[in-house]
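In: A predicted structure for the sequence below; I have some questions about it.
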Amino acid sequence: MRGIVAKALTAVAITALSAGMAKAADVEVLHWWTSGGEAAALNVLKEDLKSKGIGWVDMPVAGGGGEAAMTALRARVTAGNPPTAVQMLGFDIQDWAQQGALGNLDAVATAEGWDKVVPAALQRFSKYDGHWIAAPVNVHSTNWIWISKDALDKAGGKAPQNWDDLVVVLDKMKANGITPLAHGGQPWQEATIFDGVVLSEGNDFYKKAFIDLDPEALGGKQMADAFDRLMKLRTYVDDNFSGRDWNLASAMVINGQAGMQIMGDWAKGEFLKAGKKPGVDFVCIRFPGTQGSVTFNSDQFAMFNVQGDDKQKAQAQMASSIESPKFQSAFNVVKGSVPARTDVPDTDFDDCGKKGIKDLAEANTNGTLFGSMAHGHAAPAAVKNAVYDVVTGAFNGKYKDGTEAAQALASAVAAAK
Amino acid sequence: MRPATDADFRTRLQDWLPKLVLAPSFAATLLFVYGFIVFTAVLSFTGSKMLPLYTFVGLENYRKLWALEHWHTALVNIAIFASCYIVICTAVGLMLAIFLDQKIRGEGMLRPIYLYPMALSFIVTGTAWKWFLDPGIGLEKTMRLWGWESFSFTWIKDSNMAIYTIVIAAVWQTSGFVMAMFLAGLRGIDNEILKAAQIDGATSFQLYRRIVIPLLRPAFLSAFVILSHLAIKSYDLVIALTGGGPGRATELPATFMYSYTFTRNQMGIGAASAVMMLMAIAAIMIPYLYSELKEKA
């Protein structure tokens, strides 16, 4: 009864009361992993904490990108009663740290040597002012293409290695009478494609334009070329694309209606769920011309500034459990992402997962691991959404050519900075 | 002595009771409506990003807001949406009311049929119309299945036309309500006047054109005020029907305000846009209230 009451109260975010209801050594976790696979993955963590005598107060706030969860969080923090840990993405973590709302994980991090095993590009988000504030859970990457093996075989059978190859394959698929590119017309999906397109223009260019937000790169010739490529991709999409959810686009590839989908590695879960095998039924490759580089986004648990020794101890133990190689492997096998530390064995992963782990390690060593613009790991929310505006506009025919779109991008980013 | 105090107490209680009963709701309205209007106005002058901050930046947010192309899109959209919505709704509502007022049989059954869409939430209306207008599953598909192969209706997927699909859905939802307002107005017209006009030889058309419609002026005004504020605050319909898409083609000021305040971490600009919306509503409401109060005085 007590648990039910606590849950009901937290669910409606009656904030002041819920802390009293949770037992002292519980962790209260706000997240939006509510779909079947995600909830199963999270259960691994719950069980592990239970074995250490730490209770779990669940505070799920459903809704894809976590917008609803962030709104609930604002209310909790403003009321002075933050949850123990909150699932969070990229710059949001830094923004909360800037508000002084996050705790300190330095003790656990030093004891377990996180500095050495977590890629530096991730540490940029999990550390603030030199202190660990969040425990990274996974690394998703966005520059993937998922191709139906059957459709690929009919279109020559060779996975495209560069942009020109890709156009050839898409043209052949079109001639074969299927929709070459499965796509859902939502701004974030278009931006996800654009991550890959910009990265295919070169690592330095991606960094200059999207990480450094250099106005010349944003409005320049190379960006114009990237927009031209995006508009070219638009011609391979069916007429009914706008508003479609990403998993329905994946289903089009699974059912053989479409040839390929450009989407982050969470799409793999849809293929696996439909009983498709990597390498046999579908092929996973990096966006042509981006092999060796990775654009990532990473789910992390940001640890809030909770009061009381026992609560802080529970929080530290939760962080330690999250970073344990056992959890990292178990969770990410289910979730479709790859571990957030580079020393986790890849034995349990499928072929695409193994490739993902290898690519991540390689990109980390070569300095070609970049935050994804589409998923808020390249620039703060304001800039990200300004990019969305222009990219989705370009995809929907608002600009007459790439040059005009690039100029619009430069001015939109300048206004949002 | 005692009865006198008793009576005194009773009159005083009667005096105070209404005020006492109204006080909580008055206080709540004062805080949650007017208090938060002031709070939003204050925020619009601050550099608030993710959480409210109190570093004042003057008119910076308003300058940024008016420089945003996105905001201009939202304004053009609300202009198209509001004008089409108000004009079509009023016309359809008036027409339905006049037809229903012809003393037809079964009026009691027809009236609620037209009125019922108003009982649905905009989310339901939006979702239903989204499916109906979707070329892949809705009207277009059905027409083609029935053999009309060349039929095409893809407005909802077309950046230039998508805003009109919102007008269609909104008109469907509210015109019945406008009809009810006009019908009440029609019933309030003195029959004597109409009879006099008929004796003078006025045709039906003249009757409506010269007498009935001018007499409906108060109903027109109420319809206008209600429809215009519905138009400005429409948010859920857009979210359900198009999600602001294709691209950003159907973004309205209300969706703009939400996304800047809560998802883009630009609370200051969001607050500024909310204040602009309030100004727009005030520009409509204040003259209306003024004229209403003047008439009564």
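Out: In hand now; what should we look at?

In: did I read that right, B:Leu207 in a helix?
Out: Yes. Checked against DSSP: H, G, I helix; E, B strand; the rest coil, B:Leu207 lies within a helix.

In: Name all residues that make contact with it.
Out: B:194, B:197-198 (CB atoms under 8 Å, 6 or more residues apart in numbering or on different chains). Yep, even glycine has a C-beta here, placed from its N, CA and C like the rest.

In: out of the residues you listed, who's nearest chain A?
Out: B:Leu194 (50.7 Å; CB to the nearest CB).

In: Return the per-residue confidence for B:Pro3.
Out: In this model, B:Pro3 is scored at 58, pLDDT.

In: hmm, I was thinking of A:Glu404
Out: 93.

In: That one and B:Ala82, how far apart?
Out: In this view, A:Glu404 and B:Ala82 are 30 Å apart by CB to CB, to the nearest Å.

In: A:Phe304 too?
Out: Counting by CB to CB, the gap from A:Phe304 to B:Ala82 is 43 Å.

In: just B:Met109 next, same as before
Out: Taken as CB to CB, the span from B:Met109 to B:Ala82 is 33 Å.

In: Of these two, which one has the most company?
Out: More crowded of B:Met109 and B:Ala82, by other CB atoms under 10 Å in any protein chain shown: B:Ala82, with 22 against 8.

In: secondary structure element for that one?
Out: helix B:69-100 (DSSP states H and E).

In: If you count neighbours, what's buried in that helix?
Out: Within helix B:69-100, the residues that count as buried by 16 or more other CB atoms under 10 Å in any protein chain shown are B:69-71, B:73-75, B:77-78, B:81-82, B:84-86, B:88-90, B:92-94, B:96-98, B:100.

In: buried sites along the helix or strand following it?
Out: Counting by DSSP H and E, the next helix or strand C-terminal to helix B:69-100 is helix B:107-115. Of the residues in helix B:107-115, those buried by neighbour count under the rule 16+ other CB under 10 Å are B:111, B:114.

In: Nearest spatial neighbour of the residue nearest the centre of chain B, chain-adjacent residues omitted?
Out: Residue closest to the average C-alpha location in chain B (CA atoms, centre = their mean): B:Leu230, at 1.3 Å. Distances taken as CB to CB, 6 or more residues apart in numbering or on different chains put B:Thr174 closest to B:Leu230, at 6.7 Å, once the chain neighbours are dropped.

In: My understanding was that that neighbour contacts B:Ile88; is that so?
Out: No. The criterion here is CB atoms under 8 Å, and B:Thr174 misses it with B:Ile88 at 9.9 Å.

In: so the residue in the stretch 51-200 of chain B that chain A sits nearest to is in which element?
Out: The stretch 51-200 of chain B approaches chain A most closely through B:Gly136 (4.3 Å), counting by CB to the nearest CB. In this structure, B:Gly136 sits in neither a helix nor a strand according to DSSP H and E.

In: Quickly find the element holding the nearest residue to it once chain neighbours are set aside.
Out: Once flanking residues are discounted, B:Gly136 sits nearest to A:Asn240: 4.3 Å by CB to CB, 6+ apart. Using DSSP H and E, A:Asn240 falls within no helix or strand.

In: Got phi/psi on A:Asn240?
Out: phi -100, psi 30 (degrees, to the nearest 10).

In: ok, it - contacts?
Out: Contacts of A:Asn240 (CB under 8 Å, 6+ apart): B:134-136, B:157.

In: Many thanks, I have nothing further to ask.
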